[in-house]
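Asker: Below is the sequence, then the predicted model.
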Amino acid sequence: MLDLLRNRRSIRRYEPREVEPAFVEQLKEAVLRAPSSRNLRPTRFYFVTDRERLADLAHAKSAYGEWLAKAPLGVVVCGDESVSDCWIEDCSIAAAFLQLMASSLGLGSCWVQIRARMHADGRPAEDHVRESLELPDGLRVLCVVALGHPAERKDAIAADALGWDRIADI
Ligand SMILES: Cc1cc2nc3c(=O)[nH]c(=O)nc-3n(C[C@H](O)[C@H](O)[C@H](O)COP(=O)(O)O)c2cc1C
């Protein structure tokens, strides 16, 4: 497990080839296995491979997401706030499971934050995604996780650069 955690880095450049259907199935199972507060399961996931949709999602916010346009797969991680007040936590755990599952399959991934970010036109990025994907009312959008076969390599972060002073033994 630690090896998996050490080697996971945010990968923003991908080979153009699709993610194999057998891998996609495992990614789907991984998000569904994420725990949720009171087991209310408010999470919803949209697996997007359509190039036009991905290009549109890439411009949901004004910066730091443009590279999503060239990802073979984007998973829009949503939560129904009418189902659980812990939708943000539940979505975050599912997104982390997704990224770790991707790493275990040799895939690269990166989180694109949507909640609390703005579109270039000044409206919330969430509204752009909601309209673009015609999401049901009440569904909130936390992030899009971009995935694909990596076209860039990154070293693991050195252990002594982890900021161990953030931990206290008391
Ligand atoms: C909540 C959250 C939001 C993030 N949003 C973005 C984003 O919008 N765009 C982006 O390129 N990376 C985003 N990232 C990736 C971080 O920049 C990245 O995890 C961080 O720089 C550490 O690098 P590493 O993942 O390679 O260890 C986000 C990560 C998290 C956890």
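Answerer: Perfect, I can see it now. Predicted model, so just to flag it, every value in this text is computed and none were measured.
Asker: ok, the nearest residue to residue 105 once chain neighbours are set aside - how many residues close by?
Answerer: Distances taken as CB to CB, 6 or more residues apart in numbering place residue 23 nearest to residue 105, at 5.1 Å, with adjacent residues excluded. (Glycine included, C-beta is placed from N, CA and C.) By other CB atoms under 10 Å, the residues close to residue 23 number 18.
Asker: buried set for the helix or strand hosting residue 23?
Answerer: Element membership for residue 23, per DSSP states H and E: helix 21-32. Of all the residues in helix 21-32, those buried under the rule 16 or more other CB atoms under 10 Å are 23-24, 27, 30-31.
Asker: want to try a markdown table for the residues you listed, with distance to residue 116 and pLDDT as columns?
Answerer: Shown next, in a markdown table, are these (distance: CB to CB, whole Å; pLDDT from 0 to 100):
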| residue | distance to residue 116 | pLDDT |
| --- | --- | --- |
| 23 | 30 | 98 |
| 24 | 29 | 98 |
| 27 | 25 | 98 |
| 30 | 25 | 98 |
| 31 | 21 | 98 |
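Asker: by contact count, what packs against the helix holding residue 23?
Answerer: strand 43-48, strand 73-80, helix 87-104 (3 or more CB pairs under 8 Å, 6 or more residues apart in numbering; DSSP states H and E).
Asker: Show me what that helix is in contact with.
Answerer: Outside helix 21-32, the residues within contact range by CB atoms under 8 Å, 6 or more residues apart in numbering are 19, 43, 45, 47, 73, 75, 77, 94-95, 97-98, 100-102, 105, 107, 147.
Asker: Narrow those to those that are buried.
Answerer: Listed as buried from the contacts of helix 21-32 are 19, 43, 45, 73, 75, 77, 94-95, 97-98, 100-102, 105, 107, 147; burial here means 16+ other CB under 10 Å.
Asker: Out of those residues, the closest to the ligand would be?
Answerer: residue 95 (8.1 Å; CB to the nearest ligand atom).
Asker: got the contact list for that closest one?
Answerer: Taking CB under 8 Å, 6+ apart, one finds 31, 75, 77, 111, 142-143, 145 in contact with residue 95.
Asker: Just give the closest residue to it, not the sequence neighbours.
Answerer: Nearest residue to residue 95 in three dimensions, chain neighbours excluded: residue 77, at 4.9 Å (CB to CB, 6+ apart).
Asker: Quick check, the one you found in contact with residue 42.
Answerer: No: Residue 77 is not in contact with residue 42 according to CB atoms under 8 Å; the separation is 11.2 Å.
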